[in-house]
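*Asks:* Sequence below, structure please.
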Amino acid sequence: MKILIVSILFIVFFFLAVIHVYWGLGGKLGVNAAIPTNKNKEKLMSPGLFECFIVASVLFGFGIFILIKTQIILFHLPGWLANYGLAVIATLFLARSIGEFKYVGFFKKVNTTKFAEMDTKYYSPLCLLISASAIILELIA
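*Replies:* Residues are numbered from 1 along each chain as shown. Next comes the predicted model:
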């Protein structure tokens, strides 16, 4: 079971990192559904190359961390990171799934945009699944 969870998490983190690199390099596929918009369909942010690469690096780092934490990759982590890394990942993705109560997450108020539709169907459930998986790994790793 552990290897299945680790594999799925790594693939998800790697895939999300690659998508963010693609967007950072100017890719347009899916970008309109990936950025929150207000009721007037105005984008609430305009991430550029730097922001996309930072997000991609963090997501890829999460994937590598999962492999190290479960000893698929042998590397010595600092004690604080080994002790709290999965809890941080679980907390971040749980917070993302809950959202900020207006545009993002399960409890968003603006839910008639393309982003809101995709967020309800895919993004927030995926974040909740990542959080739950990190918690399970913490318990069994």
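
*Asks:* From here on, just use CA atoms for contacts and neighbour counts.
*Replies:* OK.

*Asks:* Just the buried residues of stretch 45-56, please?
*Replies:* Neighbour counts using 16 or more other Cα atoms under 10 Å place C52, F53, V55, A56 of stretch 45-56 among the buried residues.

*Asks:* chain center to the helix or strand of the chain at the bottom of the mean pLDDT ranking, what's the gap?
*Replies:* One helix or strand of the chain scores below all others by mean pLDDT, DSSP states H and E: helix 31-34, with a mean of 94. Centre-to-centre, helix 31-34 and its host chain are 15 Å apart (Cα atoms, centre = their mean, to the nearest Å).

*Asks:* and after it, which helix or strand comes next?
*Replies:* helix 49-69 (DSSP states H and E).

*Asks:* just to revisit the earlier point, and the buried residues of stretch 45-56 as TSV, adding distance to I72?
*Replies:* Compiled in TSV, the buried residues of stretch 45-56 are given as follows (distance: Cα to Cα, whole Å):
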residue	distance to I72
C52	27
F53	25
V55	24
A56	21
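
*Asks:* between these, which is closest to I5?
*Replies:* Taking Cα to Cα as the measure, A56 is the one of those closest to I5, at 20.7 Å.

*Asks:* for this protein, longest helix please?
*Replies:* The longest helix of the chain (DSSP state H) is helix 2-24.

*Asks:* what comes up buried for it?
*Replies:* 5-6, 9-10, 12-24.

*Asks:* Over to stretch 56-65?
*Replies:* Applying a neighbour-count criterion of 16+ other Cα under 10 Å, one finds A56, S57, L59, F60, G61, F62, G63, I64, F65 buried in stretch 56-65.

*Asks:* gap between that stretch and the chain center?
*Replies:* Here stretch 56-65 is found 10 Å from its chain centre; the criterion is Cα atoms, centre = their mean.
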